[in-house]
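Novice: Quick one, structure for this:
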Amino acid sequence: MKLIILDRDGVINHDSDAFIKSPEEWVPVSGSLQAIARLNQAGYTVVVATNQSGVGRRLFDMTTLNAIHQKMHQLAQQAGATIDAVFYCPHMADDNCDCRKPRAGMFHEIARRYDVSLKGVPTVGDSLRDLQAGFVAGCRPYLVQTGKGKKTLEKGGLPPGTGVFADLASVVDHLLEHNNSLSGE
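Specialist: Numbers count the residues shown, from 1 in each chain. Model (predicted):
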């Protein structure tokens, strides 16, 4: 199984310091849904792992989060893309849970659910905590410079071997080119 794990806010959709609190506020980053479609066409299972502390902060409820994800799935389908699963942490940082990134709980749950090792599985994020969670779980981290990515890059301290790209479409270009060269195409 070819698996990829994507953060949501700042990678697939535009991020907001005030949180994405409604389906209307969920706007895809240009080219992100088409990039997911290309991953699907190349045989990838696409999974999202996202911190959603707005639920814990009571900025929005689970019904609203589900509506936001429904919009994401609908727009993805319109672009010919499928997001196979969405894993989320609704907790605030103070809750000290295992699922909130930078902890790797969501990644371990993905590995259990799909019965796979995450060793070398690409994970794409725009924040250090996205990359740290994936790295601890054995994933190959990729930083995009959309969302908080440019600030993350400026701060430094990225996990060893982190690939840095302009956006999700650029990461996908790299992965598909690399896969083709590995298979001799």
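Novice: For residue 143, list the residues it contacts.
Specialist: The contact partners of residue 143, taken as C-beta atoms under 8 Å, 6 or more residues apart in numbering, are 124-126, 131, 149, 152-153, 158, 162-165. Placement of C-beta: from N, CA and C, glycine included.
Novice: okay if I get these as JSON lines plus pLDDT, distance to residue 174 and secondary structure?
Specialist: JSON lines is the format used below for the contacts of residue 143 (pLDDT from 0 to 100; distance: C-beta to C-beta, whole Å; DSSP: H, G, I helix; E, B strand; the rest coil):
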{"residue": "124", "pLDDT": "98", "distance to residue 174": "11", "secondary structure": "strand"}
{"residue": "125", "pLDDT": "98", "distance to residue 174": "15", "secondary structure": "strand"}
{"residue": "126", "pLDDT": "98", "distance to residue 174": "16", "secondary structure": "coil"}
{"residue": "131", "pLDDT": "98", "distance to residue 174": "16", "secondary structure": "helix"}
{"residue": "149", "pLDDT": "98", "distance to residue 174": "15", "secondary structure": "helix"}
{"residue": "152", "pLDDT": "98", "distance to residue 174": "18", "secondary structure": "helix"}
{"residue": "153", "pLDDT": "98", "distance to residue 174": "16", "secondary structure": "helix"}
{"residue": "158", "pLDDT": "98", "distance to residue 174": "16", "secondary structure": "coil"}
{"residue": "162", "pLDDT": "98", "distance to residue 174": "13", "secondary structure": "coil"}
{"residue": "163", "pLDDT": "98", "distance to residue 174": "7", "secondary structure": "strand"}
{"residue": "164", "pLDDT": "98", "distance to residue 174": "10", "secondary structure": "strand"}
{"residue": "165", "pLDDT": "98", "distance to residue 174": "6", "secondary structure": "strand"}
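Novice: PyMOL command to pick out the buried ones of those residues?
Specialist: Selection of buried members from those for PyMOL, criterion 16 or more other C-beta atoms under 10 Å:
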select buried, resi 124+125+126+131+149+152+153+158+162+163+165
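Novice: following the longest strand along the chain, which helix or strand shows up next?
Specialist: Ranked by residue count under DSSP state E, the longest strand found in the chain is strand 44-51. As assigned by DSSP states H and E, the chain's next helix or strand after strand 44-51 is helix 53-56.
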